[in-house]
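> test case, fold it:
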Amino acid sequence: MHIPDGYLSPQTYIPLYGVAVVFWGAALRKIKKTLSSKYVPYLAMAAAFSFLIMMFNIPVPGGTTGHAVGAGIIAVLLGPWTAVIAVSTVLIIQAIVFGDGGITAVGANCFNMAIVMPFVSYWTFSLVRGTATSGRRVSIAAFLSGHLGLSVASVTAAVELGIQPIIAHAADGRPLYAPYPLSIALPAMALEHFLIFGVFEGVVTMLLFKYFSRNEPDLIYSFRKDPRSNT
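Below is the predicted model:
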């Protein structure tokens, strides 16, 4: 889902930079207040994991790529605000050092993968698991958190690309940025991620969640925040 330079108009990437900055500031304040020092190494590990899993990306129609992100498991284990910082850091490094995603599109890419995805994943996990702390329901919640988080993020990216021919075009109607309308960008992005990349993201999220729930249950943010949980 890394959008490169030249595919988003200033009308799109400038506001998204602004939204990203607001979330970065809020996330930093939240982490300073709530993230215990013993979880800081996990933050670094989470960023490293997200960096690694995003390196395996496949080009898809519409001017972007398809891949897993890792934001879902980070949000479930360490909280959505921690995921905002971890995944944003990775995306910024990838754009500046590796050219994976454009500099002008950093705000958009962070909005999609480091803001939308973590919160969708966290809310999905919390809603589906209910009061359960183990068993099949929690496993399903973990899978859906990764799957739906990535799928919704891909739809968000598709909308950003698909509206470009509408909001930024020459006098003769020629698109100045992403040339593909919503009718192409939306199904291309949504189907690829819902059917392939989202399934992989969901499976990885579920497997990692099972590992940490068995070995380090105190790490899981949702359980720590839920007074009904005895874990």
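> residue with max distance from the center of this protein?
residue 172 (36.4 Å; C-alpha atoms, centre = their mean).
> OK, contacts around that one?
By C-beta atoms under 8 Å, 6 or more residues apart in numbering, no residues touch residue 172. C-beta here means a position set from N, CA and C on the backbone, and glycine is covered the same way.
> could you find the closest non-adjacent residue to residue 125?
Leaving aside its chain neighbours, residue 125 sits nearest to residue 145 (3.8 Å; criterion: C-beta to C-beta, 6 or more residues apart in numbering).
> hey, which helix or strand in the protein has the poorest pLDDT?
strand 64-66 (a mean of 67; mean pLDDT, DSSP states H and E).
> how near is the closest residue in space to residue 169 that isn't next to it in sequence to residue 38?
Using C-beta to C-beta, 6+ apart and skipping the chain neighbours, the partner closest in space to residue 169 is residue 175 (5.2 Å). Separation of residue 175 from residue 38 (C-beta to C-beta, to the nearest Å) stands at 51 Å.
> looking at these two, which is more packed in?
residue 175 (17 against 9; other C-beta atoms under 10 Å).
> distance of that one from residue 99?
As defined by C-beta to C-beta, residue 175 lies at a distance of 23 Å from residue 99.
> pretty sure residue 12 contacts residue 164?
Yes - using C-beta atoms under 8 Å, residue 12 is in contact with residue 164, at 7.0 Å.
> now do the helices in this structure.
With DSSP state H as the criterion, the chain has helices at 10-34, 40-54, 71-78, 80-93, 106-110, 117-129, 136-162, 164-167, 182-192, 198-215, 221-225.
> among these, which comes closest to residue 2?
helix 106-110 (5.9 Å; C-beta to C-beta).
> just checking, what packs against the closest one?
In this structure, helix 106-110 makes packing contacts with helix 10-34, helix 80-93, judged by 3 or more C-beta pairs under 8 Å, 6 or more residues apart in numbering; DSSP states H and E.
> cool, thanks, signing off.
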